[in-house]
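Colleague: whatever this is, show me its structure:
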Amino acid sequence: MSVSAVVLAAGKGRRFRSKIPKPFVCLGGKPVIGYCLEVFRRRKEISEIIVVVPARLKAEARRFLAEEGLPEAKLVAGGERRQDSVSNALKVIDPRSELVLIHDGVRPFVTGALVAKLITEARASGAACLAVPAKSTIKSVKRRARRLVVTRTLDRGSLWETQTPQVFEKGLLCEAYRRHGKQSVTDDASLVERLGHQVTVVKGEYSNIKITTPEDLAVAEALLKIRKSSS
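Modeller: Got it, this is the predicted structure:
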């Protein structure tokens, strides 16, 4: 069963406060996005890689992909929102692909083992995502007058923090985007859930962090050093 991997690298990154898009910021001597691309390139299940970047960076991204040994990867211009970027990628997916893997290009530490488990689960269930149990106490908060107040404390035992990759049957994902793609969501599984389809969970790893702020990049540098010292 062939898999198309979509790597999202078109976010504006306002919280990162950098002129360079987050996926192309240097981490350990190479762009952040290079780490996940290396993992996907080695997976035999993945038949194609589609990278979504800002339109203004397509030429630079093409050179980078050639340097990474991925000259055949497809490049797509991103949209205004995350789901717009995914929609653009879905338009160029190989018709022969049966599964679609979607990954944030700013999660450099996904492993081949996790990818394999996730693909296996998606083959069985049709839709699967990585997630880890919440470690912190989570409270629902609303603004009242000039203050933020707690409305309730959520049951941590049932709360999981969702990660990427997420993998879906291609037809299922396309239907979710056709029917609900204009709604604002923060991940693709949310759209599939709105179809009434069950999304299953593969337990991820806490090290599979998303680089959103400069502080996250510092954490990523530390994680990379640990990985290199233990390998």
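
Colleague: pLDDT score for the closest residue to Leu223 other than its chain neighbours?
Modeller: On the basis of C-beta to C-beta, 6 or more residues apart in numbering, the spatially nearest residue to Leu223 that is not a chain neighbour turns out to be Ser207, at 5.6 Å. Bear in mind the C-beta positions are built from the backbone N, C-alpha and C, glycine included. Turning to Ser207, the model gives it a pLDDT of 97.

Colleague: repeat that for Val149.
Modeller: In the predicted model, Val149 carries a pLDDT score of 97.

Colleague: from now on call the first residue 40
Modeller: From this message on, residue numbering opens at 40, which makes the last subject Val188.

Colleague: centre of the chain to the strand or helix carrying it, how far?
Modeller: With elements delineated by DSSP states H and E, Val188 resides in strand 186-192, which encompasses its position. Relative to the chain's own centre, strand 186-192 is displaced by 30 Å; criterion: C-alpha atoms, centre = their mean, to the nearest Å.

Colleague: then stretch 75-84?
Modeller: For stretch 75-84, the distance between its averaged C-alpha position and the chain's averaged C-alpha position is 14 Å (C-alpha atoms, centre = their mean).

Colleague: so for it, what's the average pLDDT?
Modeller: In this model, stretch 75-84 has an average pLDDT of 96.

Colleague: so what touches the lengthiest strand in the chain?
Modeller: For the chain, the longest strand by residue count, based on DSSP state E, is strand 199-208. The contact list for strand 199-208, computed with C-beta atoms under 8 Å, 6 or more residues apart in numbering, reads 42, 44, 137-143, 146, 149, 153-154, 157-158, 160-161, 165-173, 215, 226-228, 231, 240, 243, 247, 249.

Colleague: mind listing what that strand pairs with, with the direction of each?
Modeller: For strand 199-208, the paired strands and their directions (DSSP bridges) read strand 138-143 (antiparallel), strand 166-172 (antiparallel).
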